[in-house]
Structures are given as C-alpha cells and as structure tokens.
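**Q** what's the 3D shape of this:
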Amino acid sequence: MVANGFSEEEYRLVHGIAAAQPGKALFPRNSPDNIHYGLEPIFNASRQTIEQAKTNNTHNILEMVPLRDVFSSEKRADLLHIDIQGGEVDLVKGSLDYLLNYVAYMVIGTHSRVIEGQLIDMLTKQGWILEIERPAIFDINGQKLITTVDGVQSWRNSRLLPPNAVSSVDIIRV
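**A** This next block holds a predicted model:
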C-alpha cells in the first residue's frame, strides 16, 4: 500500500477470510510443481480437521472474520470484491442484511455455475442489478467437471446506488 502512495492511516489490513460467522478456515497449500485447480478451502473446520491439517502441514489456517467486523469502521463501501474460492454464496447469504445497507457495488469471483445461479437467484430477489456476468468455464473431458476459468459477476445495489448515480469510490477487497 505504501508503495502505491497510501499512508498507514488510509488503510487497514485484516489477516483472515471474510465470512458470515466467526470460525476457522483451512486453505490448501500448493507447491509450484503441483499447480492445479480444485484447491477448495474448508470453511468452519472442525477441531479434528484443524489438528490433522497442522500435523500434515497441508493447509494454512485462517480466522473467519464476519463481514460486519471487517467493515466495523466503515459507513459504506462503494465497491466490494469477493473471491474466496467457493465460499461466496455462504458469505453473501449470511451477510445479506449488511450488504443491502452498506455495500453499493459488488464484484464476485465465482467458481462454479451452481454458485453463479445461487447468487443470481438470491441477489435479484433483493433488488440487486446484475450488470456484468461472465460464467465460469470448465473442462468437460471426463467424468468430473473441473472449473478451469473462474467466472465473474458485478452487482449494483439499487438501494444505495440507483442507475445513473455518480459516487466517489472506496475499494475494499475481501
């Protein structure tokens, strides 16, 4: 941040994963010689799963931080970027009241067509306007469909940012 001209007073870093509720998340470790898709995290990991991950050194263990706590000092976020490797629906669903009242625009990285459909169903019912949609692309060779290119959706909160509204932008990435 400093390299890009931001002073320490202008940003706050939270080490963890945004979530609807507190808990622990496990993110798989991958080596450069074993790069592949499908490294989904484990959200709300059990104590036993966490201990096994520690023993085997297979995952990074992160605190799950409720979205309302991430934004505790913010009045409104003009832009929220969400890309948490398959946990997007749970975050949005569990934080919907907060999002409706405090987030004007969301860009969501999606990791399956199922996630995309759930977001479209949930958010359109709440008055969000889908402005950009590029579906995930997956490999159809074989028995298991594997996402090879993540999708993206961009949503305008019609309650906070009606069409044609102009606003200064504060970007918050989760």
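
**Q** quick check: Val107 touching Val152?
**A** Yes: counting by CB atoms under 8 Å, a contact exists between Val107 and Val152, whose distance comes to 6.6 Å. No exception for glycine: its C-beta is placed from N, CA and C like everyone else's.

**Q** find the residues that touch each one of these two.
**A** Both Val107 and Val152 are contacted by Ile132, under the criterion CB atoms under 8 Å, 6 or more residues apart in numbering.

**Q** middle-most residue in the protein, spatially?
**A** Ile82 (2.9 Å; CA atoms, centre = their mean).

**Q** and that residue, how far from Ile115?
**A** With distances taken as CB to CB, to the nearest Å, Ile82 is found 11 Å from Ile115.

**Q** how about the helices in this structure?
**A** Under the criterion DSSP state H, the chain carries helices at the ranges 47-56, 67-70, 88-94, 96-102, 113-125.

**Q** for Asp139, what are its contacts?
**A** With contacts defined as CB under 8 Å, 6+ apart, the neighbours of Asp139 are 145-148.

**Q** at 6 Å what do you get?
**A** By CB atoms under 6 Å, 6 or more residues apart in numbering, the residues touching Asp139 are 146, 148.

**Q** next: Val14.
**A** In this structure, Val14 makes contact with 65, 70, judged by CB under 6 Å, 6+ apart.

**Q** tell me, how many residues neighbour Gly5?
**A** 7 (other CB atoms under 10 Å).

**Q** how about Gln126?
**A** Using other CB under 10 Å as the criterion, Gln126 is surrounded by 15 other residues.

**Q** torsion angles phi and psi at it?
**A** Backbone geometry at Gln126, expressed as degrees, to the nearest 10, gives phi -100, psi 10.

**Q** what's the pLDDT at Ala45?
**A** On the pLDDT scale, Ala45 is placed at 85.

**Q** same question, Ala25
**A** Per-residue pLDDT puts Ala25 at 87.
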